[in-house]
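Asks: quick one, structure for this:
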Amino acid sequence: MVVEDEFFVRVMIADELRAAGFLVVECRDADEALEVLHSGMTVSLMFTDIRMPGSMDGVDLARLVRARRPDIKIVFLSSHIFDPATLTCCDAFVAKPFDTRNLFAQLDHLLPHASSPGVARDRPVVSAPAGPRPAAFRGRPTLQP
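Replies: Residues are numbered from 1 along each chain as shown. Okay, here's the model as predicted:
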């Protein structure tokens with residue numbers, strides 16, 4: 001899952017992940033991310049910006065996800081300086097602007113099964129459950145087949 005309010009940054013990250021064989025859902029804010037998580041989709045990893053508009057920022061989103069779904073790996077993405085104590089609710093931090101090699105290094109570290117020798121990179125970051133998609137995502141191309 002990529003949670004990023006800046007459209008071009010979100011699309012760039014999602015496209016890089018898809019090109020590497022991952023299934024990705026894009027969310028423009030924490031509210032959309034929570035809707036996806038409540039929908040029943042399986043999420044292995046969440047990249048989230050720290051400063052975002054909406055009901056909560058990325059730090060609050062990460063704390064909520066960590067409390068409710070400790071199995072989800074969380075990576076902060078930010079160009080802002082912030083209190084290092086916020087890192088306690090995430091597994092990794094990638095500074096913007098970033099090199100995609102750094103992004104994939106964090107991904108490989110957090111999801112080693114996705115890049116282990118003999119394992120294809122088509123291991124999903126997100127997979128869709130059976131049934132209808134959440135209302136906010138109907139008619140939008142948020143998942144790669």
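Asks: who touches the longest helix along the chain?
Replies: The longest helix of the chain (DSSP state H) is helix 7-19. Outside helix 7-19, the residues within contact range by CB atoms under 8 Å, 6 or more residues apart in numbering are 2, 4, 24, 26, 28, 47, 49, 77, 96, 100, 103-104, 107, 125, 144. Backbone N, C-alpha and C define where each C-beta goes, glycine included.
Asks: average model confidence for that helix?
Replies: The pLDDT scores in helix 7-19 average 91.
Asks: quick check: next helix or strand after it?
Replies: Using DSSP states H and E, the helix or strand that follows helix 7-19 towards the C-terminus is strand 26-27.
Asks: how far off centre is that following strand?
Replies: 8 Å (CA atoms, centre = their mean, to the nearest Å).
Asks: please apply the same query to stretch 44-56.
Replies: Put simply, stretch 44-56 sits 8 Å off its chain's centre (CA atoms, centre = their mean).
Asks: mind listing what's buried along stretch 98-111?
Replies: Using 16 or more other CB atoms under 10 Å as the test for burial, stretch 98-111 gives F98, L103, F104, Q106, L107, L111.
Asks: in this structure, which spans are helices?
Replies: Going by DSSP H, the chain shows helices at 7-19, 30-38, 58-68, 100-110.
Asks: now tabulate those helices in JSON lines and tack on distance to A92.
Replies: Formatted as JSON lines, those follow (distance: least, CB to CB, whole Å):
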{"stretch": "helix 7-19", "distance to A92": "14"}
{"stretch": "helix 30-38", "distance to A92": "17"}
{"stretch": "helix 58-68", "distance to A92": "11"}
{"stretch": "helix 100-110", "distance to A92": "4"}
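Asks: of all those, which one comes closest to L87?
Replies: Counting by CB to CB, L87 lies closest to helix 58-68 out of the helices of the chain; the figure is 9.6 Å.
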